[in-house]
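Student: what follows is a protein structure lacking sequence information:
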């Protein structure tokens, strides 16, 4: 079972991430290094949002991380303002898992964290490989 410390406050399933230390392949390392304009040997895999204290991998500070710390909560799903603009999805960049955050947090609230962890790989698979069906979600 995945470690709860590998669930980002925003609802991302770090334990399923292809750039997480332990999950990263040499091909992904090369692709990420190329995206960042660095040599593959200079790219260090992510250790997860909580272990990296919200350090944004692309040079920005994570406003969501700062907000959770300021409010003294463990994650966005515990916030009285959930969902907020920090979690809003966008079409641009939809290829990244960030558009799954609100769904993940809602599922955690609905069925519990352990049950969500058990289905998280399937959620991610449907997100990336599923076909969009209006009113049905990915199939």
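Tutor: Yes, it's here. Remember, predicted model here, so these are calculated numbers, not experimental data.

Student: burial count for the nearest residue to residue 71 once chain neighbours are set aside?
Tutor: Nearest residue to residue 71, sequence neighbours excluded (Cβ to Cβ, 6 or more residues apart in numbering): residue 79, at 6.3 Å. Yep, even glycine has a C-beta here, placed from its N, CA and C like the rest. Applying other Cβ atoms under 10 Å, we find 18 residues neighbouring residue 79.

Student: residue 79 touches residue 72, doesn't it?
Tutor: No. The criterion here is Cβ atoms under 8 Å, and residue 79 misses it with residue 72 at 10.5 Å.

Student: residues touching the residue of the chain positioned farthest from its centre, list them.
Tutor: In the chain, the residue that sits farthest from the middle, by Cα atoms, centre = their mean, is residue 39; the gap is 24.7 Å. Contact partners of residue 39, counting by Cβ atoms under 8 Å, 6 or more residues apart in numbering, are residue 33.

Student: circling back to that earlier point, quick one: the residue nearest to residue 71 and residue 67, what's the gap?
Tutor: 8 Å (Cβ to Cβ, to the nearest Å).

Student: what residues does the closest residue to residue 63 other than its chain neighbours make contact with?
Tutor: Distances taken as Cβ to Cβ, 6+ apart put residue 86 closest to residue 63, at 5.8 Å, once the chain neighbours are dropped. Going by Cβ under 8 Å, 6+ apart, residue 86 touches 10, 63-64, 67, 76.
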